[in-house]
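A.B. asks: Give me a 3D structure for the following:
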Amino acid sequence: RHGEAVTALQQGHKKFPDETELRRELVRSLAVIGDSQRAFTLGEALARQFPHDLAIQKFFSQIAMSAGRDADAERVLRRILVQRPDDSPVLNDLAWVMRNDRTRSAEAVEFARRAVALSPEEANVWDTLAELYRRAGMLRDALSAIERAIQLSDTPRAELLARHRLILKALKSSHRSDER
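C.D. replies: Residues are numbered from 1 along each chain as shown. Prediction:
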(Lines give C-alpha, C1' and ligand atoms only; values in the text may rest on other atoms or scores of the structure.)
Protein backbone atom coordinates (compact mmCIF):
# COMPACT_ATOMS: atom_id res chain seq x y z
CA ARG A 1 0.00 0.00 0.00
CA HIS A 2 2.80 2.41 0.81
CA GLY A 3 4.29 1.85 -2.62
CA GLU A 4 0.97 2.73 -4.24
CA ALA A 5 0.76 5.87 -2.12
CA VAL A 6 4.26 6.91 -3.18
CA THR A 7 3.35 6.36 -6.84
CA ALA A 8 0.21 8.49 -6.45
CA LEU A 9 2.16 11.21 -4.66
CA GLN A 10 4.84 11.17 -7.37
CA GLN A 11 2.17 11.58 -10.03
CA GLY A 12 0.63 14.42 -8.05
CA HIS A 13 4.04 16.04 -7.65
CA LYS A 14 4.58 15.91 -11.42
CA LYS A 15 1.21 17.57 -11.98
CA PHE A 16 1.57 20.13 -9.18
CA PRO A 17 5.31 20.64 -8.57
CA ASP A 18 4.78 23.81 -6.52
CA GLU A 19 2.47 22.18 -3.94
CA THR A 20 4.60 22.22 -0.80
CA GLU A 21 2.39 19.91 1.28
CA LEU A 22 2.28 17.37 -1.54
CA ARG A 23 6.09 17.41 -1.74
CA ARG A 24 6.35 17.05 2.03
CA GLU A 25 4.03 14.02 1.99
CA LEU A 26 6.03 12.50 -0.86
CA VAL A 27 9.24 12.92 1.15
CA ARG A 28 7.60 11.46 4.27
CA SER A 29 6.22 8.50 2.28
CA LEU A 30 9.58 7.80 0.67
CA ALA A 31 11.13 7.71 4.14
CA VAL A 32 8.40 5.33 5.38
CA ILE A 33 9.04 2.83 2.58
CA GLY A 34 12.78 3.00 3.25
CA ASP A 35 13.87 5.01 0.23
CA SER A 36 15.90 7.30 2.44
CA GLN A 37 18.18 8.56 -0.33
CA ARG A 38 15.32 9.87 -2.47
CA ALA A 39 13.57 11.20 0.63
CA PHE A 40 16.77 13.04 1.58
CA THR A 41 17.29 14.49 -1.90
CA LEU A 42 13.72 15.78 -2.20
CA GLY A 43 13.70 16.97 1.42
CA GLU A 44 16.92 18.87 0.89
CA ALA A 45 15.46 20.61 -2.16
CA LEU A 46 12.40 21.56 -0.14
CA ALA A 47 14.56 22.91 2.70
CA ARG A 48 16.64 24.95 0.25
CA GLN A 49 13.50 26.41 -1.29
CA PHE A 50 12.17 27.48 2.13
CA PRO A 51 15.26 28.33 4.21
CA HIS A 52 13.32 30.50 6.68
CA ASP A 53 10.45 28.08 7.26
CA LEU A 54 11.40 26.45 10.56
CA ALA A 55 8.78 23.72 10.25
CA ILE A 56 10.23 22.63 6.91
CA GLN A 57 13.77 22.88 8.29
CA LYS A 58 12.83 20.69 11.29
CA PHE A 59 11.11 18.25 8.94
CA PHE A 60 14.24 18.04 6.79
CA SER A 61 16.46 17.48 9.83
CA GLN A 62 14.28 14.48 10.74
CA ILE A 63 14.59 13.12 7.20
CA ALA A 64 18.36 13.62 7.31
CA MET A 65 18.55 11.79 10.64
CA SER A 66 16.45 8.89 9.34
CA ALA A 67 18.74 8.69 6.31
CA GLY A 68 21.79 8.47 8.58
CA ARG A 69 22.99 11.89 7.42
CA ASP A 70 23.85 13.18 10.89
CA ALA A 71 26.20 15.92 9.66
CA ASP A 72 23.46 17.34 7.43
CA ALA A 73 20.92 17.10 10.25
CA GLU A 74 23.34 18.83 12.63
CA ARG A 75 23.92 21.68 10.18
CA VAL A 76 20.17 22.32 9.86
CA LEU A 77 19.51 21.93 13.59
CA ARG A 78 22.23 24.45 14.45
CA ARG A 79 20.65 26.96 12.05
CA ILE A 80 17.28 26.46 13.72
CA LEU A 81 18.85 26.81 17.16
CA VAL A 82 20.15 30.27 16.25
CA GLN A 83 16.55 31.38 15.75
CA ARG A 84 15.03 29.27 18.54
CA PRO A 85 17.65 28.68 21.25
CA ASP A 86 15.11 27.24 23.69
CA ASP A 87 13.56 24.65 21.39
CA SER A 88 13.78 21.45 23.43
CA PRO A 89 13.16 19.00 20.54
CA VAL A 90 15.86 20.73 18.46
CA LEU A 91 18.32 20.64 21.37
CA ASN A 92 17.51 16.97 21.93
CA ASP A 93 17.90 16.08 18.26
CA LEU A 94 21.17 18.00 18.08
CA ALA A 95 22.52 16.14 21.11
CA TRP A 96 21.42 12.85 19.53
CA VAL A 97 23.11 13.43 16.17
CA MET A 98 26.33 14.32 18.00
CA ARG A 99 26.29 11.15 20.12
CA ASN A 100 28.87 9.29 18.04
CA ASP A 101 31.50 12.04 18.09
CA ARG A 102 33.53 11.43 21.25
CA THR A 103 35.45 14.67 20.73
CA ARG A 104 32.24 16.65 21.27
CA SER A 105 30.57 14.56 23.96
CA ALA A 106 30.65 17.42 26.50
CA GLU A 107 28.84 19.69 24.03
CA ALA A 108 26.29 16.98 23.25
CA VAL A 109 25.67 16.40 26.97
CA GLU A 110 25.14 20.14 27.46
CA PHE A 111 22.55 20.25 24.66
CA ALA A 112 20.77 17.26 26.22
CA ARG A 113 20.84 18.86 29.69
CA ARG A 114 19.29 22.02 28.25
CA ALA A 115 16.57 19.93 26.57
CA VAL A 116 15.84 18.21 29.91
CA ALA A 117 15.70 21.57 31.72
CA LEU A 118 13.18 22.85 29.15
CA SER A 119 11.09 19.65 28.98
CA PRO A 120 11.60 17.73 32.23
CA GLU A 121 8.43 15.67 31.72
CA GLU A 122 9.50 14.27 28.32
CA ALA A 123 10.87 10.73 28.43
CA ASN A 124 12.67 11.20 25.12
CA VAL A 125 15.00 13.93 26.41
CA TRP A 126 15.90 11.86 29.46
CA ASP A 127 16.63 8.88 27.21
CA THR A 128 19.00 10.97 25.09
CA LEU A 129 20.73 12.28 28.20
CA ALA A 130 21.08 8.73 29.56
CA GLU A 131 22.71 7.53 26.35
CA LEU A 132 25.12 10.46 26.26
CA TYR A 133 26.04 9.94 29.92
CA ARG A 134 26.60 6.23 29.23
CA ARG A 135 28.90 6.97 26.32
CA ALA A 136 30.80 9.50 28.43
CA GLY A 137 31.29 6.88 31.17
CA MET A 138 29.05 8.76 33.61
CA LEU A 139 27.23 5.56 34.50
CA ARG A 140 25.49 6.60 37.73
CA ASP A 141 24.09 9.68 35.99
CA ALA A 142 23.11 7.50 33.04
CA LEU A 143 21.23 5.12 35.32
CA SER A 144 19.33 7.98 36.98
CA ALA A 145 18.43 9.49 33.61
CA ILE A 146 17.22 6.22 32.06
CA GLU A 147 15.18 5.42 35.14
CA ARG A 148 13.53 8.84 34.84
CA ALA A 149 12.83 8.17 31.14
CA ILE A 150 11.21 4.86 32.00
CA GLN A 151 9.18 6.47 34.78
CA LEU A 152 7.89 9.17 32.42
CA SER A 153 7.11 6.81 29.55
CA ASP A 154 3.49 5.69 29.36
CA THR A 155 4.59 2.27 28.21
CA PRO A 156 8.37 1.85 28.35
CA ARG A 157 9.69 1.11 24.90
CA ALA A 158 11.91 -1.90 24.42
CA GLU A 159 14.88 0.33 23.64
CA LEU A 160 14.50 2.14 26.99
CA LEU A 161 14.53 -1.15 28.84
CA ALA A 162 17.46 -2.40 26.76
CA ARG A 163 19.41 0.79 27.52
CA HIS A 164 18.63 0.34 31.21
CA ARG A 165 20.04 -3.21 31.12
CA LEU A 166 23.12 -1.99 29.22
CA ILE A 167 23.81 0.70 31.81
CA LEU A 168 23.33 -1.73 34.70
CA LYS A 169 25.71 -4.17 33.05
CA ALA A 170 28.31 -1.43 32.56
CA LEU A 171 27.92 -0.35 36.19
CA LYS A 172 28.43 -3.92 37.43
CA SER A 173 31.45 -4.29 35.20
CA SER A 174 32.96 -1.03 36.47
CA HIS A 175 32.37 -2.14 40.09
CA ARG A 176 34.20 -5.42 39.42
CA SER A 177 37.17 -3.63 37.89
CA ASP A 178 37.20 -1.17 40.83
CA GLU A 179 37.44 -4.12 43.24
CA ARG A 180 40.55 -5.51 41.53
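
A.B. asks: which residues of this structure score low on pLDDT?
C.D. replies: Counting by pLDDT under 70, the chain contains low-confidence ranges at 177-180.

A.B. asks: Show me the longest helix that occurs in it.
C.D. replies: Ranked by number of residues, the top helix in the chain under DSSP state H is helix 158-179.

A.B. asks: chain center to that helix: distance?
C.D. replies: Averaging C-alpha positions (Cα atoms, centre = their mean, to the nearest Å) puts helix 158-179 23 Å from its chain's average.

A.B. asks: Stretch 109-116 too?
C.D. replies: Averaging C-alpha positions (Cα atoms, centre = their mean) puts stretch 109-116 13 Å from its chain's average.

A.B. asks: Also stretch 96-111?
C.D. replies: Relative to its parent chain, stretch 96-111 has a centroid offset of 13 Å by Cα atoms, centre = their mean.

A.B. asks: list the buried ones in it?
C.D. replies: 96-99, 105, 108-109, 111 (16 or more other Cβ atoms under 10 Å). For glycine as for every other residue, the C-beta is placed from the backbone atoms N, C-alpha and C.

A.B. asks: Quick check: end-to-end length of it?
C.D. replies: One end of stretch 96-111 to the other measures 9 Å (Cα to Cα, to the nearest Å).
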